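Engineer: need a 3D model of the following:
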Amino acid sequence: MKIIIAGAGEVGRHLAKMLSRERHNIVVLDTNDEVLANLEANYDLTTLAGSPVSIEKLKEAGAKTADLFIAVTPDESRNLTACILATKLGTKKTVARIDNPEYLQETHKSFFEQLGIHSLIYPEMLAAEEIVNSLKRPWARQWHEFCGGKLILAGVKVRANAPIVDQPLFDFFKDENEYRIAAIKRQSRTLIPTGKDVVLPGDLVYFISTPNSVEIIRKITGKGDAEVNNVMIMGASRIAVKAAHLLSEDFNVKIIEMNRERAEKLRERIIPEITVIVGDGRDMDILESEGIEKIDAFVALTGSAETNILSCLAAKNYHIRRTIAEVENIDYITLADGLDIGMIINKKLIAASHIYQMMLEADVSNVKSLAFAEAEVAEFVVNKKARITKSIVKDLDLPENISLGGLVRKGKGMLIYGDTLILEGDHVVVFCPNSSIQRIEKFFQ
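Structural biologist: Residues are numbered from 1 along each chain as shown. Model prediction:
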């Protein structure tokens with residue numbers, strides 16, 4: 001696939017590195033010669049210096065024959081304009097990074113498609129929504145809903161005293177159950193379990209479930225039912241501001257920001273129900289003076305991964321129920337997992353999930369990236385002549401390490417078993433470790 005990436009910032013560089021490893025024909029367009037030189041020297045891709053809204057530069061980048069154009073510069077208007085131009089020049093699909101949530105309304109979708117902008121992505125808003133979903137269910141490390149909540153993927157760190165520990169999985173997963181384990185992250189490995197496998201203390205276990213069985217999952221993993229009410233956010237980043245607005249409907253929220261000028265501007269923009277504190281979130285004296293012992297969740301969203309990780313570790317000393325850290329350095333994610341700091345937010349991976357969805361030829365309505373497991377979970381919509389409808393699941397000869405977790409049929413969620421026959425129109429949730437999503441999509445075409 002020929003892909004043009006306009007913008008070599010954090011998200012653009014990550015996408016370029018990721019997609020080049022999968023042997024796509026990648027062209028990165030940006031005005032920063034130094035960043036471009038570094039990318040071209042270390043990865044199998046082509047770079048081009050210039051503006052993404054220059055028609056001549058877009059032609060030079062190959063927009064006429066491109067399969068996908070990804071505009072992820074920091075400037076929303078440039079991204080939108082670049083996508084419009086790329087489409088007019090011949091690019092098949094375009095996606096633009098934005099920072100205006102109004103554009104994401106379903107009523108505006110056809111308007112943007114008519115302009116030549118096929119998809120919009122707002123990584124900061126998606127990250128904020130993940131934070132909110134996590135705090136509503138503090139016992140789960142990760143939580144994703146498919147088909148409007150008809151099927152749920154919950155990642156749970158299992159405690160030593162959990163009922164499920166050291167028990168063969170076939171003892172827990174009977175035909176009448178509406179939950180099952182899709183994968184287990186154990187230290188550095190992601191396992192697709194069989195009935196003979198057992199869960200060990202400290203495993204990060206990914207469950208596929210219908211809503212009816214969520215409470216059962218909480219209990220068998222040894223988790224309590226305590227709720228989060230008071231939330232402290234460190235850092236006044238764009239993710240932090242959006243998360244605070246969303247959280248303020250159900251939680252008491254404090255934001256602590258060390259830059260006085262930024263904190264004062266934030267006070268002018270934020271709703272009165274949200275408290276803004278000037279101070280360093282790494283300073284234990286300040287945290288104690290602001291009532292850290294009464295905080296249920298601590299969310300570190302500064303621009304420094306190191307600061308966020310260390311702050312969450314410090315917060316855990318106060319027995320805070322839930323800690324969340326933004327970790328944009330991919331290399332630090334494994335470290336954060338080993339330190340057991342809680343949930344990780346990475347907007348690069350969030351953006352990558354959306355891009356994967358755009359790249360697939362099969363009908364995919366949702367893709368979620370799982371930072372700890374190095375995997376994606378995709379929601380495929382089954383077409384009439386799809387290969388996956390030709391026989392029952394156990395006879396399909398599916399790729400190894402692929403887990404068909406569940407499906408939604410006529411509005412009802414259900415699990416998939418070996419004798420399940422998947423039908424046209426089903427929404428199927430598939431667990432795909434190690435970037436194997438493109439190996440399974442041919443079954444849905």
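Engineer: against the centre of this structure, work out the most remote residue.
Structural biologist: E56 (35.0 Å; C-alpha atoms, centre = their mean).
Engineer: what about it, helix or strand, and which?
Structural biologist: Element membership for E56 (DSSP states H and E) is helix 55-61.
Engineer: who's in contact with the residue farthest from the centre of the chain?
Structural biologist: Applying C-beta atoms under 8 Å, 6 or more residues apart in numbering to E56 gives no contacts. From N, CA and C alone the C-beta is placed, and that goes for glycine too.
Engineer: quick one, grab the pLDDT at it.
Structural biologist: We have a pLDDT of 97 for E56.
Engineer: do L349 as well
Structural biologist: In this model, L349 carries a pLDDT of 80.
Engineer: please apply the same query to the one 3 residues further on.
Structural biologist: Model confidence at A352, given as pLDDT, is 75.
Engineer: I'd say it and L15 touch.
Structural biologist: Yes. The pair A352 / L15 is scored as a contact, 6.2 Å apart, by C-beta atoms under 8 Å.
Engineer: quick revisit: next helix or strand past the helix holding E56?
Structural biologist: Once the chain leaves helix 55-61, the next helix or strand it forms, by DSSP H and E, is strand 68-71.
Engineer: what mean pLDDT does the helix or strand following that next one get?
Structural biologist: As assigned by DSSP H and E, the chain's next helix or strand after strand 68-71 is helix 76-89. The average pLDDT for helix 76-89 rounds to 97.
Engineer: separation between the residue farthest from the centre of the chain and I117?
Structural biologist: Going from E56 to I117 by C-beta to C-beta, to the nearest Å gives 21 Å.
Engineer: return the helix or strand in the protein with minimum mean pLDDT.
Structural biologist: When the helices and strands of the chain are scored by mean pLDDT, DSSP states H and E, strand 364-370 comes last with a mean of 67.
Engineer: can I get the CA coordinates of the helix or strand that comes right after that strand in CSV?
Structural biologist: Once strand 364-370 ends, the next helix or strand along the chain (criterion: DSSP H and E) is strand 375-381. Only the C-alpha atoms of strand 375-381 are listed here, as CSV (Å, rounded to 0.1, in the frame of the first residue of the first chain):
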residue,chain,number,x,y,z
ALA,A,375,-2.0,-6.3,20.2
GLU,A,376,-5.1,-4.9,18.6
VAL,A,377,-8.7,-5.9,19.0
ALA,A,378,-10.8,-5.4,15.9
GLU,A,379,-14.6,-5.4,15.3
PHE,A,380,-15.2,-6.8,11.8
VAL,A,381,-18.6,-6.6,10.1
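Engineer: helix/strand/coil for the nearest residue to A160 once chain neighbours are set aside?
Structural biologist: Among residues not flanking A160 along the chain, P201 sits closest, at 3.9 Å (C-beta to C-beta, 6 or more residues apart in numbering). Three-state call for P201 (DSSP: H, G, I helix; E, B strand; the rest coil): coil.
Engineer: quick one: contacts for P201?
Structural biologist: V158, R159, A160, A162, V165.
Engineer: rerun that using 7 Å as the cut-off
Structural biologist: P201 is in contact with V158, R159, A160, V165, counting by C-beta atoms under 7 Å, 6 or more residues apart in numbering.
Engineer: which residue, other than its chain neighbours, is closest to the second one?
Structural biologist: For R159, ignoring the flanking residues on the chain, the nearest one in space by C-beta to C-beta, 6+ apart is G222 at 3.6 Å.
Engineer: pLDDT score for Y356?
Structural biologist: 69.
Engineer: sorry, back to before: ok, of the contacts of P201, which come out buried?
Structural biologist: Using 16 or more other C-beta atoms under 10 Å as the burial test, the contacts of P201 include V158, V165 as buried.
Engineer: re earlier: what sits in contact with each of A352 and L15?
Structural biologist: By C-beta under 7 Å, 6+ apart, no residue touches both A352 and L15.
Engineer: re earlier: ok, the residue nearest to R159 to E328 distance?
Structural biologist: From G222 to E328 the distance is 31 Å (C-beta to C-beta).
Engineer: same question, Q114
Structural biologist: 34 Å.
Engineer: the two: which is more packed in?
Structural biologist: Using other C-beta atoms under 10 Å, the more surrounded residue of Q114 and E328 is E328, with 19 against 8.
Engineer: what secondary structure does that one sit in?
Structural biologist: Under three-state DSSP, E328 falls in the coil class.
Engineer: so it touches E10, yeah?
Structural biologist: Yes. If you go by C-beta atoms under 7 Å, E328 and E10 touch, sitting 6.3 Å apart.
Engineer: show me the contacts for the nearest residue to H24 once chain neighbours are set aside.
Structural biologist: Leaving aside its sequence neighbours, H24 sits nearest to M1 (C-beta to C-beta, 6+ apart; 4.9 Å). Taking C-beta under 7 Å, 6+ apart, we find M1 in contact with H24, N25, D67, L68, M359.
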